[in-house]
Every structure is written in structure tokens, then in C-alpha cells.
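[1] here's a sequence, model it:
(chains A and B)
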Amino acid sequence: MVPEIDVQLDQAVPDGIRLRIGDGPLAPALRRLARHPVARVVGRRLLLAVPLLLVVSASSFLLLSLTPGDAANQILGPHATAEQYASLRRALGLDLPVQEQYLHWLRHALTGDLGASVITGETVTRAIGERLAPTLSLIVGSLLVSVLVGVGLGLFSAIRGGRAGRLADALALAGYSVPAFWIGAELIVLFAVKLTWFPATGYVPVSHSPVDWLRSLVLPVAALSLYGIAAVARQTREAMLDVLASEHIRMARANGLPARSILFRHALRNASVPVVTVLGVVAVGLLGGTIFVENVFALPGLGVLVVNASLQGDLPVVQGVAVFFTLVVIVVNLAIDLAYTWLNPRVRVA
Amino acid sequence: MSTSSFGLELRGGGSWASSPGFLRRLLRRPLAFACCAYLLLLVGVAIVAPVALPATNGEFAGDLASIHQGPSLAHLLGTDAVGRDVLDRLLVGTRVTLVGVAEALLIVLVLGVPAGVVAGYFGGWTDRAVAWLSDIAFSIPAIVFVIVVISVFPGSMLAAMTTLGVLAAPGLMRVVRSATLPVREELYVEAAEIAGLGRPYVLGRHILPRITGVVIVQASFLASVALVAQTGFAFLGMLVRPPAPSWGGMVADGTKLLFVDGWLIWPPGLAIAVTILALCLLGDAVRDAATESWLAPEGPARRSPRRATPGRPASPGTAALLSVEGLSVGFATRVVDGVSFDVEAGQTVGIVGESGCGKSVTVSAILGLLPGAGRIEDGRVLFAGQDLAALSERGLGRVRGGEIGFVSQEPMVSLDPAFRVGHQLEEALRHHLKVSKVAARARAIELLETVRLPDPETVARRYPHELSGGMTQRVAIARALAGEPKLLIADEPTAALDVTVQAEILALLRELKASRNMAILLVTHDWGVVADICDRVVVMYAGQVVERADARALFRRPLHPYTRALLASDPHHAPEGDALPTIPGIVPSPARWPAGCRFHPRCALAVRACGERPIDLERATVGRQTRCIRFEELAA
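    Here you go, the predicted structure:
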């Protein structure tokens, strides 16, 4: 059982947003904009994004304030004097109450300043920026592979049915069952150690050599994609079976539309709505999976950054990555919502 | 979900009936049984192994004289880099792995189930709060958030797995809420409330049993997620301090030695994969067992040979445009039994009968549109001399739309919701008439005018959901006309529409018939429609034709008791003020067709002979047939 995502059509319909628009000269235009479905979708996501970011940052901040040793401890080490310690605490603002520290952090975060690593002193924003490319390549690549292979597998299973279809289902289930960090290691053994087709570990920037960049990504993307392929295949299959059983498909057949058009235009178009919805869930899953996969393949990305920071107690970095990942999820969800609006005309009515 | 009259089990909207036999039904499935047995075994290992193999946790558990040994009798799964027995470590490591999963699962269930039930059962603000929470939770990247918590509580598995549980709970809440909602609407729950049984009683007695299936499915899914997370964090060295063994930690140990010894990652990796697989399969089995009764037999209809027995060769010389000869259709049981009738060019024929008599199945079979396992078991469908029942799907494709148009009873769902109306018409036109895009567009507008839609240009730009039922039916008719068919099959085209719209659609059909000299085969149970438009009438009962006649003659004097009873029960004809006469009893389902005349148990004229042997369809007068041995008494 690859999780079947329960798609709630009405939930995706943006509503419940009441904006008060005055009677100014721009009022009619504003009102039209507020009624525009895309504006409503964006608005709804943004309204959700604000509390989301606050929840994530505030709760992580609160958690961090619970730690026994604070950043001053980390920086000075065990041999510092009490005065050194107290003055650094003051300098870092650690002597202030938690809520003031948080507001201080928040003010800076809004300008893109997420603090600095207590180990290296590098700013968190910079640390994230430097390690963004491998992570982004890995996630975008895996998302692409998940969609292409997953939709293909799901379509095949739904259309062919029978034994071939069950085989496709079993493949998807197997893909879901193997953890990415383990299959990653197995891929290294087979394709890097035995066959030496691909490098075992490491990352080559695309600016350095596009071919080597691709080669360094093949195995990690393969390891990370299995989960996405399984989820997309499952959803595609279920959605296609649902649509193929629907009356409008029967009537399209009844009126002689060719099978190809029925399957790949009418059925696939309608089935793509739930598939797109599951992509949001898959993207969040890939974001988690990349943390494990980067560590298997020693890709210098955000996953390696956050794990090392966590093991070293470099809390500002951990927190910064968490906030950044949340931002990514928000952007992904917004994109999914827009795609959904485009695919499903029933949502588009204002 | 009730069984439809065709003996097909419908899919969708099923409830998670958790009858007492549920567990037994589940364990009867070999796969489910195997999964349960495996998971129980794991729990046993987790309890016993650390006690039975106390040395495995120790710093110096290994034997440095025997490192990197492959599987042998002494070490069934070999030894690792410091000579420790891999099997021992795997078994002992089961405990910490399962404890982590259990911690997360417990939190999810404790938080998710009650909140979901409350939201579904009480609704209101609790419901909105759950919806909002789950929206938020779905947007939190859980893994990285767990890492935040691990940073604060280094090495604390309890903190990590609790966090995971908290983050997963809103998802479960939402699913439980959706499962609770329909239960709450059910009559017996309302009755229990009215009867003064307290809410706790209703919750415990009626709702919890009904959501058990959903919760088990979700729990097995969430357990697999927790297992991936636990082993993953252990792999990263964030949860379990070495040298204590854990599955994830063993994969990590093996990964460090990939170039030396590729074997070491296999045992822990497979243990994780098999456990996830078992959880997934168990979840699937629970779902299947709980929904067993309402699943359609197999996925999409495969177009296997459509007719079980080869038909006789088409006999030339039949004058009729469409000639159905001895058509029998079966799903699990036979539902249409030897139906014959003709439709002449330009003629309008009505098929009349109560619901469940096989009318819709008959017309679906003509175009090879039988759902699911339905197939033509016998008979021929001659159209312009060609036997449609013997045609391949591809051959039928040429007839559908081009020669025979089809309009269904549910206009609102008969058009593709994702495409504009005009686009769908153009697609049909381009396919059937092989015209250019521009020509198709112009022709589509013309067609919309033909079906009397005001402002066709605007309508063409609309999506189906933006049109009313009557308008959609006009569009559906327009599409059926796109290929300029000689015959239009309309399956209760007005059933879903309100009365004034019905009349307009009928007027349109009459007009089209006249202007295009198009034959119409109309399924209906409305005598008004028959009187309005039909030349000939075919009366069906329990899968058979019981009477065929010209419409006018039939109204004047029905020659079958069923026809007479049907006519008498027509609200248009009943004397005002009197109670509407009805036919006693119901149409028997195909599995329960009585012997002899199938109508005789409900027939006022039945005599002993009626129940003894099957009655044939006999010629009564010129152009009239009836399946009744006492028709002469009706004629008199």
C-alpha cells in the first residue's frame, strides 16, 4: 500500500477569504482581482504561509532556548572565564528573555539574516546559499523522474490491467518499501564499485562540467526517486481507473472518439488533477529524503549541512535550514495549487 | 452499497463496515495472515533477543579473529568489521527499531483518533480547527523539524519519534474525520441520539467500530513511515549510540565499508524493506477486506471477444436499419434474454418498462458499451446488414458516432468536465467528418444552433459545469449528431431533467427526426414521451420483450397484462382523485426470474399454465407480438 492521498476537491477550492475593499478609485479593479481565481489561490496560500512560518520558527526557537548549553558555551568552549562568557552572552543577546530574542531573530530573518553558525561563524544565509545547488539538483531531478516514470507506470498498470498491470503495481510497492539510504548504498556497490559506471560519492558543480554533474547525480536521483515513483504511480493508477469508469468516458466511447484520444486526452487530463495534488506530498517527502540520500552519497548539500550542524550542536544553522525548507514547501504548494487551478476548470469559476 | 439490478457491484462511497467477522475475513487472506505472523514474530524477537543475547550490546562483543566472514554455520549472516555476529546484532537491534516505531505510532493514535472523531462527529469549530491544523502540518517538512528537536535533545529517540508522531497526527485526524462524518449522518446514529443514549455511548458503540478499518490502514501506513524515519535517523547516527545495534546503524556501518565488504548492508536493509512491505500489504489487505463487498470485479473493461458464441452469418435482405435478433446479455447472470426488435430508417421506436427490466443494458449492448464484465452471450445486432455484435472494438469505433449517435440519461456527467463545450464538439466533428479545425469550429456553432441553444458562440466557450442540465443535454445531443448518424439512441434522455425542460428536449428530438430523417431508439418509462414521439413500442419485462406494437395500437388496446398494468399506472391516464393504481410486487432480479411467464406472479390474469412453461413471443395481429397465452381475452 503506497499511501493513497485523499484528495479533497472542496479543500482545494479557495474560499473563506474576505478582504475588505474600500470605495477608492481602485476598488472595482481590486474587487475583480480578489475574485480572480489565481489571486484567490495565491492569497489563500499566503494566508496559510504566515502562521506556518511563525509556527516553525517560533517553536524551533522555543526548543532551542531549552538547551542547557547555549551558543556562548559552544563558541568559548569549556575553558573560558565567567566574565568572557557573560560578555559574549550580552553581545549575542542571549541574556534577553526568549520572546525578545525571538522578535530580534524575526526582525533579522525578515531581511534575510538568519544568524551565524556558532562553529564556523559563517552566516546561515550564506551557508544555505553555498549548499543549495546539490540539494536543488537532487530534488528537482527526483521530482522529474518521479513524474515521468510514475505516471508511465501508473498509466500502464491502469490501461493494461491483468498480469502486466499487477507487475507494475508490485514494482511500485517494492520501490516504496526500500529505504532510500539503503538502496543508495546498494546502487553504489553495483554501479560504482562493481561496474564503475558512475562515481560512488561526491558532487560536481554544473558550471564545472555538465556531464560530470549529471553523472554525479544519477545514482542519488535514482535512490531518492523510488519513493516518488511509487507514490505517483499509485495515484495515477487509481485516478485513471476512476476516470475510465466515469460516464463521460463511456459517452466519449459511445460517440466514437478514438481510444488514443480518450485515454491520453480525456482520461489523463482528468486524472492529472489528483496526481498533481499528490505531487505536493511527494515534494515534501523528497525534501526529507534528500537529507538521508545526501549523506549516503556525500553530496555537499543542505542535508549534509543540517545533519552535521545538528550533531555539532550548531543550532542557528539547524534552525535556518528548517525555516528555509518550510519556505520551499510553501512555494511548492503554491505551484501545485496554481497547476491545480489550471487543470481543473471547476475550481476556476469565481 | 446496494447491489444494482444488473448484478454488478458498484464501486465507491462504501463504508468501512466492521462486522464481527472482519478479523476472520482478514486472516483468511493468506497474504494478510503472513504479514500479521511476520509482524508478531518481529515483536517477539524485539522482546526476547536482547535478553537472550545480552553480550551483543557490549563494547567488545566481536571476535577480532573472525572479521568480515561471509555467512556460515557458525555465523548464519556472517560477521562484521570487528567480528561481531550480524544475525545477533540484527535480532537485538529489532527492539530499538520497533520501540521507536511504537513511540511515534502511539502519539499519532492518541492525538489523531480522538480529535478526528470529535471533528467529524461534532463538526463546527472543531472541524475547522482540524482542517487548519492538517493544512499546516502537511506543509511542515517533518524530517528537518525532527532534526531540530534532535539538536536540542541529542540522541533522544523518544523526543524524535514523539515529534514525528505529533507532526503526523493531523493527517490521521483528517482521515478519521472523513470516516466519521458519514456515520454521523446515518439514521441509526440519529435514532440512538433521539433515544437518549448519550454521546459517549454513540461514539463507543456505533462510531468507533466503523472507523476501525480506516484507522488500521492508516496505522500500518504511519508505522511504515515511522520505520523509515527511525532507521534513517539511526543510519545518520542521530538516535542510537554505538556500539548498541540498530537496523539503521547497521546499514551505516556497512556503508562505511562498501568497497571492502558489500554484504554487510544486505541483512539490515532487507529487514527494513520486508517490514515496510509487510506493513503496506497488511494495510492493503485490511482495506480490501473492509471494502470487499463493494469493489468492482476487475479494473477497466477489457475488450475480449464480445460474444461468447459465434453468430450466424448476416442474412441480407432485412429492410430494417437496425435489427436486433435474439440478443442475450450476461454479467454474472443473464440480464437480457433473447430480445428482438427492428428500427426502420426514420422511425422512432420506444423501449418501455420498469427500472431493472434490461432496457438500458439492451441499448448499451447494441454499441458494445456494456460495463465491466458484461458481454453479449447470444444473438445479433444487424445494422445496415453488418453484425455489430461480431465487430472488433475498432470496427465499432467507426459505427459509434458516425452511424449511430448515443445520448445518455445523465447530461451533467456525460461531457468531459475539463474541456470547453465547443472544443468537445470540434473534436467529434474533426474525427467523424475529417474536416479542418476552422471548419469544425464553424460546424460546431451550427450544431449548437441546430439544438436550439441561444447564443451558441458563448455556449461554445463554456465548460460543462457552467451550463444547466437542459443545456448540457442539448450539447450532448449536438455531439451525438456530429457524425451525422442515421440512428440516434437516447437512453432516457429526459429522466434527469425537470418537466418543462423535458418537453423542450422532446420537441427538439421530434424536430431533428423530421428534419434529418433520422431514426431514434428511445428508452423511457414515461408513456407521455412514447405518445409524443414514438411510432413503435417495445415493452420489456425481466430481460424479455413482452409486447411489440405500433404506438397507436398499443395505446388503444394493450395485448399483454404487463403493458396494460403499466398503462394503468401512468399518472397521465389515471382518473383524477383516485389512488394511482400500481403493479403489485417488484421486478424480479435476474437471478430470481420465475419459471414460466416471468410476469405471472404479479399478473391479475395468471392461471396455472402461466407458471408451467416459458411463454413464447407470438404474433397477435398484423405487426403485433405478445408474450401472453391469454392475450385474446385482453383483445376482446
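[2] how about the longest helix along chain A: buried residues?
    Determined from DSSP state H, the single longest helix within chain A is helix A:124-160. Buried residues in helix A:124-160, counted by 16 or more other Cβ atoms under 10 Å in any protein chain shown: A:124-125, A:127-128, A:131, A:133-135, A:137-139, A:141-143, A:145-147, A:149-151, A:153-160. Glycine gets a C-beta too; all of them are placed from N, C-alpha and C.
[3] quick one: neighbours of the closest residue to chain B within chain A, just the number.
    As assessed by Cβ to the nearest Cβ, chain B sits closest to A:G256 within chain A, at 2.7 Å. Look at A:G256: counted by other Cβ atoms under 10 Å in any protein chain shown, it has 25 neighbours.
[4] residues touching the residue nearest to B:L369 when sequence neighbours are not counted, list them.
    Closest residue to B:L369 apart from its sequence neighbours, by Cβ to Cβ, 6 or more residues apart in numbering or on different chains: A:A254 at 5.5 Å. Each residue near A:A254 by Cβ atoms under 8 Å, 6 or more residues apart in numbering or on different chains is listed here: B:L367, B:L369, B:R400, B:G401, B:F406, B:S408.
[5] look up how far chain A lies from the third one.
    According to Cβ to the nearest Cβ, to the nearest Å, B:R400 and chain A sit 4 Å apart.
[6] backbone dihedrals for that residue, please?
    When read as degrees, to the nearest 10, the backbone of B:R400 gives phi -60, psi 130.
[7] next, count neighbours for it.
    For B:R400, the count of nearby residues is 26 (other Cβ under 10 Å).
[8] beta-bridge partners for it, please?
    B:I404 (DSSP bridges).
[9] quick check: it touching B:R394?
    No - checked against Cβ atoms under 8 Å, the pair B:R400 and B:R394 is beyond contact range at 10.7 Å.
[10] for the helix or strand containing B:T458, name the packing helices and strands.
    Take DSSP states H and E as the rule and B:T458 turns out to sit in helix B:456-460. Other helices and strands packing on helix B:456-460, by 3 or more Cβ pairs under 8 Å, 6 or more residues apart in numbering or on different chains; DSSP states H and E, are helix B:421-433, helix B:437-450.
[11] OK, contacts around B:K437?
    B:E426, B:R430.
[12] tell me how far it lies from B:G397.
    Noted for B:K437: a distance of 21 Å to B:G397, by Cβ to Cβ, to the nearest Å.
[13] tell me where chain A is predicted with low confidence.
    Chain A contains residues with pLDDT under 70 at A:1-25, A:33-35, A:66-75, A:347-350.
[14] now the helices for the stretch 1-150 of chain A?
    Taking DSSP state H, counting those that start in this stretch as the test, the helices found in the stretch 1-150 of chain A are A:9-12, A:27-35, A:37-65, A:71-76, A:82-92, A:98-110, A:124-160.
[15] out of these, which is closest to B:Y201?
    helix A:9-12 (31.4 Å; Cβ to Cβ).
[16] ok, now which ones touch B:G116?
    Applying Cβ under 8 Å, 6+ apart, we find B:G116 in contact with B:V130, B:L172, B:M173, B:R174, B:V175, B:V176, B:R177, B:A179, B:T180, B:I211.
[17] next, count neighbours for the fifth one.
    Put plainly, it is B:V175. 22.
[18] correct me, but it touches B:Q218?
    Yes - contact between B:V175 and B:Q218 holds when scored by Cβ under 8 Å: they sit 5.5 Å apart.
[19] quick one: contacts for A:A127?
    Contact analysis of A:A127 by Cβ under 8 Å, 6+ apart lists A:S117, A:T120, A:L305, A:V317, A:G320.
[20] is it possible to mark the buried ones in those?
    By neighbour count, with 16+ other Cβ under 10 Å, the contacts of A:A127 hold A:S117, A:L305, A:V317, A:G320 as buried.
[21] now the second one, nearest residue through space, not along the chain?
    Think A:L305. Here the residue nearest A:L305, using Cβ to Cβ, 6+ apart, is A:R131, at 4.9 Å.
[22] what do you get for the last one?
    When the adjacent residues along the chain are set aside, A:G320 lies closest to A:V124, with 3.5 Å between them (Cβ to Cβ, 6+ apart).
[23] what of the third one?
    By the measure of Cβ to Cβ, 6+ apart, the closest residue to A:V317 outside its immediate chain neighbours is A:A309, 3.8 Å from it.
[24] how much does whichever strand or helix holds the one you found deviate in direction from helix A:124-160?
    A:A309 belongs to helix A:302-312 when elements are defined using DSSP H and E. Per axes from the mean of the first three to the mean of the last three Cα atoms, to 10 degrees, the angle that helix A:302-312 makes with helix A:124-160 is 130 degrees.
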